[in-house]
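Colleague: Return a 3D structure for these sequence lines:
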Amino acid sequence: MAQLIHLFQLDKKDGMRQALHEALRHDNPQCDDLVAAGIAHYHASDLLKRLLSFKELNENGWETASRKMYLAAAQKPKHLAQMPSHEQPREKAQAQGIQSLADAELMALLLRTGNANEGVLEFAHRLVREHEGVIGLADLDIEELMQAEGLGPAKATEIAAAFELGRRLSKSKRTQRPVLRQPEDVIDLIAPDMSPLRHEELWCLALDTQSRLIGDVRCISQGDIDGTDAGPRAFFRRALQVGAASAIAVHNHPSGKPDASAADLAVTKRLHAAGKLLEVPLQDHIVIGDGGSYYSIRRRHPELFA
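Modeller: Model prediction:
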């Protein structure tokens, strides 16, 4: 019977388990039978060799007692069969949120499968209980986790990885996002990248409610030295994608002179109107020239933002 338990605990147990279930359907299973049912040849061959070496299978087929024991061990644990689907860990997490799961239920999601003697929830409850809770499990390294009954190298490594992520998260800090409340803040951030461009580009800077940059600065459109298409649709599509509370438009003048043209003012008016309609106000439209020079249309033409 010990051989049976080892079969269910092999690292490649998913393939081996499928091969075993298929073998149990045949009185005298052959490798060709299992392969024809979709089992990988190496799993089918390995399984049959083991069963023969354990004398649980012979040239005439299954040993009756062995087959009965395998069939009993392969059955779904009663406590899971009787458990409503909405109370099983995965379904419960999807319906009620991952925070609704108890420690053992979270562990069951990591384990995914039980072993020959336990369903996955029984397995998880035992691990948590034997190690005085998840804090005890978190203190174990991979080799120590592998000493627990039923844990092989693969599962032990996955559990150790989950706890290590938790430790790193507890020490992590969010990346500080730049605050862009003044044109000078914008110039400091992107002028070094934008000023050298030889063609005109329109960039969107999406901001949160505290005027902090959300995500990356994104080029919306580009053109030749004569200009770029600065349509509100493309501009605000980016802002809406990241959930912006407001946005700043920036484009460069390859000529090096940042003074806003009549076309720039017309684009600003269109962007402001669209932002007002979408409830994502345009905070400014900044033109960048050479050497850090710039033109804030909001400062020079506040009437366009009224």
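Colleague: Low-confidence stretches in this structure?
Modeller: 1-14, 73-87, 174, 223-230 (pLDDT under 70).
Colleague: at 80 what do you get?
Modeller: For the chain, the stretches flagged by pLDDT under 80 are 1-18, 69-87, 115-118, 172-175, 218, 223-231.
Colleague: Quick check: can you list the domain ranges of it?
Modeller: Here the domain parsing of the chain from automatic domain parsing is 2-74, 85-171, 183-305.
Colleague: now the second one: how far from the chain's centre is it?
Modeller: Which is domain 85-171. Mean C-alpha position of domain 85-171 versus that of the full chain (C-alpha atoms, centre = their mean, to the nearest Å) differs by 19 Å.
Colleague: Pull out the buried positions in the longest helix anywhere in the chain.
Modeller: The longest helix of the chain (DSSP state H) is helix 153-171. For helix 153-171, a neighbour-count test (16 or more other C-beta atoms under 10 Å) marks Lys155, Ala156, Ile159, Ala160, Ala162, Phe163 as buried. The way it works is simple: take the backbone N, C-alpha and C, and place the C-beta from them, glycine included.
Colleague: hmm, what's the outermost residue in this structure?
Modeller: Asn60 (50.2 Å; C-alpha atoms, centre = their mean).
Colleague: you'd agree that one is up against Leu52?
Modeller: No: contact between Asn60 and Leu52 fails when scored by C-beta atoms under 8 Å: they sit 11.6 Å apart.
Colleague: So which of the domains of the chain is the most surrounded?
Modeller: Sort these by mean neighbour count, taking mean count of other C-beta atoms under 10 Å, and domain 183-305 sits at the top with a mean of 17.
Colleague: picking that back up, for the buried residues of helix 153-171, which one is nearest Pro302?
Modeller: Ala162 (54.0 Å; C-beta to C-beta).
Colleague: so is the residue lying closest to the closest one once chain neighbours are set aside in a helix, a strand, or just coil?
Modeller: Once flanking residues are discounted, Ala162 sits nearest to Leu110: 5.8 Å by C-beta to C-beta, 6 or more residues apart in numbering. Secondary structure, DSSP: H, G, I helix; E, B strand; the rest coil: Leu110 is helix.
Colleague: Equivalent analysis for the one 3 residues further on, please.
Modeller: Under the three-state scheme (three-state DSSP), Thr113 adopts coil.
Colleague: Distance check, it against Asp27.
Modeller: Applying C-beta to C-beta, to the nearest Å, the value for Thr113 to Asp27 is 27 Å.
Colleague: Same check on Gly133?
Modeller: From Gly133 across to Asp27, the span is 48 Å (C-beta to C-beta).
Colleague: same question, Cys219
Modeller: 68 Å.
Colleague: for Gly291, same thing?
Modeller: 87 Å.
Colleague: repeat for Leu110
Modeller: Distance, Leu110 to Asp27, by C-beta to C-beta: 38 Å.
Colleague: go on, Arg299?
Modeller: Distance of Arg299 to Asp27, computed by C-beta to C-beta: 88 Å.
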